[in-house]
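J.: just need the structure, nothing else, for what follows:
(one chain, ligands or ions: 1)
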Amino acid sequence: MELETVSKNRCFGGTQGVYRHDSKACNGPMKLAVYLPPQAEQAERDGRRLPVLTWLSGLTCTEENFTVKAGAQRVAAELGLIVVAPDTSPRGQNIPGEDESYDFGSGAGFYLDATREPWSKAYNMYSYVTRELQALVAERFPVDTARQGIMGHSMGGHGALTIHLKNPGTYRSCSAFSPIVAPSQVPWGHKAFGGYLGEDRAAWRQYDATELVRERPSKATILIDQGEADNFLSEQLRPELFAEAARRAGQPFELRLQPGYDHSYFFIASFIEDHLRHHAAALKG
Ligand SMILES: N[C@@H](CCC(=O)N[C@@H](CS)C(=O)NCC(=O)O)C(=O)O
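T.: Numbers count the residues shown, from 1 in each chain. Sure thing, here's the model as predicted:
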């Protein structure tokens, strides 16, 4: 698969890269950021492979927000983790309404495969992340596909939880910041799922972490951080709904409520180290 280099910068002894490629699932060019820790060069020479984490960002983000704001590289370098951060939606599809709101269309792919026209021709972020990006990264970087984790923020926290619960053998570790845990029950989810999937609520269940955890809890311990001063907490995020369903289903998890923290990347930067260590420990060996 072709991968065009947009930029490359030395960072904590490794390399922060940004790349572009043509995506089938998203019907056009997609960008992604990949951090290679310093261990990657030696690993490539020795034919060894490193664990990889996929980060999924939230509404309005591109591959850039996490890369420049979370400060994940220092600890990823220490732990020898490759970190991949894709864009959050297809771009430039010329679909009416695509760029009208921050919570639908561009920047708001919701990590699902749309079934409604015209969105279904491009808005296939679930297949993009779990198949196309997966294959591309495995082909182009020294990643150990048996040691993969997934994490994300807000809409990307929803993506991380649902993708882990649907593919626990591939994405073996999971964590989330301020995730949308029950999209079927909150306004962001109603708008996105209604628009991409239609009004048949049965079709929504496969992309709702609170529904999924009831039916198929995983064995991994899911780490969730949530700021208590997050403006979206009570209307859109509602982590208690997931916690209750997870408890009943026997899903191991740790939900940490962090006093004073809001929804921003300042919150993510404050706790990203814990998340990276959580994944590294789960993917060890
Ligand atoms: N634009 C929206 C909020 C969007 C928002 O908070 N996006 C979060 C993810 S849900 C984000 O990460 N924004 C980009 C950033 O902070 O760099 C609003 O003003 O209500």
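J.: interface residues of the stretch 51-200 of the chain facing the ligand?
T.: With C-beta under 6 Å from any ligand atom as the criterion, the stretch 51-200 of the chain meets the ligand at residues 58-61, 65, 69, 102, 153-155. C-beta coordinates here come from the backbone N, C-alpha and C atoms, glycine included.
J.: would you check which pair of those residues lies furthest apart?
T.: Across those, no pair lies farther apart than K69 and Y102, at 17.5 Å, counting by C-beta to C-beta.
J.: quick one, which of those two is more surrounded?
T.: More neighbours sit around K69 than around the other of K69 and Y102, counting by other C-beta atoms under 10 Å; the figures are 16 against 11.
J.: so who does the more buried one touch?
T.: Going by C-beta atoms under 8 Å, 6 or more residues apart in numbering, K69 touches 265, 268-269.
J.: ok, 7 Å please
T.: 265, 269 (C-beta atoms under 7 Å, 6 or more residues apart in numbering).
J.: now do the same for it: its pLDDT.
T.: K69 carries a pLDDT value of 98.
J.: the nearest residue to L223 once chain neighbours are set aside sits in which helix or strand?
T.: Among residues not flanking L223 along the chain, S175 sits closest, at 4.0 Å (C-beta to C-beta, 6 or more residues apart in numbering). Counting by DSSP states H and E, the element that carries S175 is strand 171-177.
J.: immediately after that strand, which helix or strand?
T.: According to DSSP H and E, the helix or strand after strand 171-177 is helix 187-197.
J.: tell me what the next helix or strand after that following helix is packed against?
T.: Towards the C-terminus, the helix or strand next in line after helix 187-197, according to DSSP H and E, is helix 209-215. Secondary structure elements in contact with helix 209-215, counted by 3 or more C-beta pairs under 7 Å, 6 or more residues apart in numbering; DSSP states H and E, are helix 155-166, helix 239-249.
J.: any chance of the ones you listed in JSON lines, plus distance to Q39 and mean pLDDT?
T.: What follows is those, written out as JSON lines (distance: least, C-beta to C-beta, whole Å; pLDDT from 0 to 100):
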{"stretch": "helix 155-166", "distance to Q39": "24", "mean pLDDT": "99"}
{"stretch": "helix 239-249", "distance to Q39": "34", "mean pLDDT": "98"}
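J.: in the stretch 101-250 of the chain, what residue comes closest to the ligand?
T.: Among the residues of the stretch 101-250 of the chain, S154 lies nearest to the ligand; the distance is 3.5 Å by C-beta to the nearest ligand atom.
J.: for that residue, give its distance to T162.
T.: As judged by C-beta to C-beta, to the nearest Å, S154 and T162 stand 13 Å apart.
J.: between the two, which is the more surrounded one?
T.: Comparing S154 with T162 by other C-beta under 10 Å, the one with more neighbours is T162, at 29 against 25.
J.: hang on, that one packs against A209?
T.: Yes - at 5.2 Å, T162 and A209 qualify as touching, with contact defined as C-beta atoms under 7 Å.
J.: and for those two, which residues touch both?
T.: In the contact map built from C-beta under 7 Å, 6+ apart, no residue is linked to both T162 and A209.
J.: if I pick C174, what's in contact with it?
T.: With contacts defined as C-beta under 7 Å, 6+ apart, C174 is in contact with 149-151, 160-161, 164, 220, 222.
J.: and with 6 Å instead?
T.: C174 makes contacts with 150, 160, 164, 220, 222, as judged by C-beta atoms under 6 Å, 6 or more residues apart in numbering.
J.: ok, and the most crowded of those residues?
T.: Neighbours here mean other C-beta under 10 Å. Within these, the largest count is held by A160, at 31 neighbours.
J.: that residue reaches H153, doesn't it?
T.: No - when contacts are counted by C-beta atoms under 6 Å, A160 is not listed as touching H153 (8.6 Å).
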